[in-house]
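S.K.: kindly generate the corresponding structure for this input.
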Amino acid sequence: RRGTGRRGHMGAVKRMQKLLQARKLEFDGRPAAERERFRQAFASGDTKGRAKLDSSGVRIALAELGLRGSTREEKDAIGELLKEAQVCVSINFFDFTFQVVPQAEQRLQEIRSPKLHRIFATYDPTNSGRLSEASCLKALRRLAHPSAQGAIQGYLAAFERDFRKLYDRVKLVDGSVDFSGFLELANALDQERIEFTRAVEHRAAQLAQLPKQVAARHFGELAQFRRLFTDDERLGDGAIEGGQVLAALLQSGVLPNAGIVFDRTLSTVEELQERRLFRFADFLGMVEKCRDQEAVSLKGQLQHLLATRWPPPVNRDDVPKVLKEVADFVDCLSPGADLPALLEEANRDGLEHFGLPELVRLGGRAAELARAQTREHEAQTGARLGVTAPEELMSLRLSFACLAKSGRVGLPEAHTMIRGLDEDLDPQDEEIEVLLEEVAERLRVLAETPMGAMESTMSESATRPEAPPPRRSLARGDTASSLATGVGGAKALRFDGYLALLSMIAGCR
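M.R.: As a prediction, the model looks like this:
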């Protein structure tokens, strides 16, 4: 019996060796770029250098390959796969390559198929089940995510260069493609996006000569930060001045536009710029400091909520309700912001339950996304009011931060602004309240007026000055009211309202 057991064990070992050898041969037959991509992905998850991945390492490695999922359903599917991977305790390189990755790809494909089918049907109006080459390319262009136009142009251009060759592989006898062929092309497009994004991130790290640890901490956002940094790089030697650092931090959403964190960052920048300029690594250091300080503030507010109203762990569906009770987080949201969508984008790991550390990380990421959206909205408002020069907008941001420590302009701040422009003016609170209401109405009109029409109106007003607007109550809808409302219902204006208020006060002088 002992001999039989030993022979059985030896037989199992030999079968494993044969399987390992077969997988090695198959892997070696893949293109060199693909082999390197898988090796780097596995290495990113193997943080302890054990040549094995635990469930956390599998998540990191899949994310490196672009298989993290973008919607809630996709993230849930990856989460289920990781739970299954936990049963194996640890996963070696070939298990990851030949089992985990194909399973992840298949599950994501199953989820994405309905969306792909809808796009396919849009370009197949006759319901023939076929697309021409031109229609297929249009459908794939539509499939590309519309929120990052700069990045899209890069990977789409690379994909379109190879499109004809890829199309020829899947086309039918009549020269068209069916849905199966379209799926294959969609997968190729997604792979091009993943490869392009990864290459851009590595390129950003190389250009800045970042240490590996710094590049790893910011991988996934380096290209975005690098773009903001180089947009302000006017010195030609890879360095920017303090004002440009603040502008880039604000634009990225990392830095709030007023408050303690802004004041501390401004002091640090002013102190350092007296001695030197800022390189990209310095900028990333400022990003980390801002995030650390924001995390401390957010943690304090969340601790109170979790101790009194929302005992942890907090369910995924309850997270929006919790964060709506955090004043600092609410201040980040622009009117009409889609909070669930922001949180879903910020929930990179697809977590279902959140303790305090997870809520702090999620809230911080979502706050940055919300601020970045708000900065775009503010820049558009400034442009509609004639503030187009970045230096002028930054100067106004500094004035706003000095005036509105809470990030809002209410009755006291508006009174200070008016007295600062004309000491003889001493308006009553009721008059300022009406003025704030008029500002909210003007913001609503600005938001609804096309840029071309607004520029025409501004041009006419510049040549034919109008009388100051009458001091009267305005009938306004919910939109205008919300634009002039702060936390708790008190009338207050954000930075875009501050710009409109300045414009109206100047017109009344």
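S.K.: ok, now how distant is Asp496 from Leu385?
M.R.: Shown here: Asp496 relative to Leu385, a distance of 9 Å by Cβ to Cβ, to the nearest Å. Backbone N, C-alpha and C define where each C-beta goes, glycine included.
S.K.: shaky segments in the stretch 401-509 of the chain?
M.R.: Low-confidence regions of the stretch 401-509 of the chain, defined by pLDDT under 70, span residues 450-491, 507-509.
S.K.: can you give me the helices for it?
M.R.: Residue ranges of the helices in the stretch 401-509 of the chain, as given by DSSP state H, counting those that start in this stretch, are 411-421, 429-448, 451-463, 478-483, 495-508.
S.K.: sec struct for Arg276, please.
M.R.: Here Arg276 takes the coil state, with states given by DSSP: H, G, I helix; E, B strand; the rest coil.
S.K.: for it, grab phi and psi.
M.R.: phi -160, psi 170 (degrees, to the nearest 10).
S.K.: which of Asp496 and Leu385 has more neighbours?
M.R.: Taking other Cβ atoms under 10 Å, Asp496 and Leu385 do not tie; Asp496 has more neighbours (24 against 19).
S.K.: contacts only, for that one.
M.R.: Contacts for Asp496 were tallied using Cβ atoms under 8 Å, 6 or more residues apart in numbering; they are 377-378, 381-382, 443.
S.K.: any of those residues buried? List them.
M.R.: With neighbours counted using 16 or more other Cβ atoms under 10 Å, these contain these buried positions: 377-378, 381-382, 443.
S.K.: show me which pair in these is furthest apart.
M.R.: Of all pairs drawn from the buried ones among the contacts of Asp496, the one with the largest separation by Cβ to Cβ is Gly382 and Leu443; the distance is 11.9 Å.
S.K.: count the neighbours of the closest residue to Trp310 other than its chain neighbours for me.
M.R.: Spatial nearest neighbour of Trp310, excluding adjacent residues (Cβ to Cβ, 6 or more residues apart in numbering): Val322 at 5.1 Å. The local packing count at Val322 equals 21, with neighbours defined by other Cβ under 10 Å.
S.K.: isn't Val322 right up against Thr308?
M.R.: No: taking contact to mean Cβ atoms under 8 Å, the distance of 11.5 Å between Val322 and Thr308 leaves them out of contact.
S.K.: all strands for the protein, in order.
M.R.: Counting by DSSP state E, one finds strands in the chain at the ranges 239-240, 278-279, 314-315, 353-354.
S.K.: now tabulate those strands in TSV and tack on mean pLDDT and distance to Ala199.
M.R.: Supplementary listing: these in TSV, determined by pLDDT from 0 to 100; distance: least, Cβ to Cβ, whole Å:
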stretch	mean pLDDT	distance to Ala199
strand 239-240	86	25
strand 278-279	90	22
strand 314-315	93	37
strand 353-354	92	33
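S.K.: tell me which of these lies nearest to Asn347.
M.R.: Asn347 lies closest, by Cβ to Cβ, to one member of the strands of the chain: strand 353-354, at 9.0 Å.
S.K.: mind giving me the packing neighbours of the closest one?
M.R.: Secondary-structure packing of strand 353-354 (3 or more Cβ pairs under 8 Å, 6 or more residues apart in numbering; DSSP states H and E): strand 314-315.
S.K.: ok, the strand it packs on: who's next to it in the sheet?
M.R.: strand 353-354 (antiparallel) (DSSP bridges).
S.K.: what residues does the partner strand touch?
M.R.: Contacts of strand 353-354 with the rest of the structure, by Cβ under 8 Å, 6+ apart, involve 312-316, 319, 362.
S.K.: how about CSV for these, with neighbour count and distance to Gly238 added?
M.R.: As requested, those are exported to CSV (neighbours: other Cβ atoms under 10 Å; distance: Cβ to Cβ, whole Å):
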residue, neighbour count, distance to Gly238
Pro312, 16, 44
Pro313, 16, 45
Val314, 22, 43
Asn315, 12, 46
Arg316, 19, 42
Val319, 25, 40
Leu362, 23, 34
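S.K.: what is the nearest of these to Arg130?
M.R.: Arg316 (40.9 Å).
S.K.: so can I have TSV of the strands of the chain showing distance to Leu272?
M.R.: TSV is the format used below for the strands of the chain (distance: least, Cβ to Cβ, whole Å):
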stretch	distance to Leu272
strand 239-240	12
strand 278-279	7
strand 314-315	39
strand 353-354	36
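S.K.: how much space separates Ala327 from Ser406?
M.R.: Between Ala327 and Ser406 the computed distance is 9 Å (Cβ to Cβ).
S.K.: how about Asp422?
M.R.: Taking Cβ to Cβ, one finds Asp422 at 25 Å from Ser406.
S.K.: where does the stretch 51-200 of the chain dip in pLDDT?
M.R.: Across the stretch 51-200 of the chain, the stretches falling below the confidence threshold (pLDDT under 70) are 88-89, 145-153.
S.K.: ok now do the residue nearest the centre of the chain, which residues does it touch?
M.R.: Relative to the mean C-alpha position of the chain, the nearest C-alpha, by Cα atoms, centre = their mean, is the one of Leu369, at 4.9 Å. The neighbourhood of Leu369, defined by Cβ under 8 Å, 6+ apart, consists of 253, 342, 345-346.
S.K.: would you mind giving me the ChimeraX syntax to select the buried ones in those?
M.R.: Here the buried members of these are turned into a ChimeraX selection, burial being counted by 16+ other Cβ under 10 Å:
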select :253,342,346
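S.K.: which members of the contacts of Leu369 occur in helices, if any?
M.R.: 342, 345-346 (DSSP state H).
S.K.: with distance to Glu133 and pLDDT added, can I get those in CSV?
M.R.: Supplementary listing: the ones in helices among the contacts of Leu369 in CSV, determined by distance: Cβ to Cβ, whole Å; pLDDT from 0 to 100:
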residue, distance to Glu133, pLDDT
Leu342, 38, 90
Glu345, 34, 88
Ala346, 39, 91
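S.K.: ok, so of those residues, who is nearest Val101?
M.R.: Taking Cβ to Cβ as the measure, Val101 sits nearest to Glu345 out of the ones in helices among the contacts of Leu369, at 23.6 Å.
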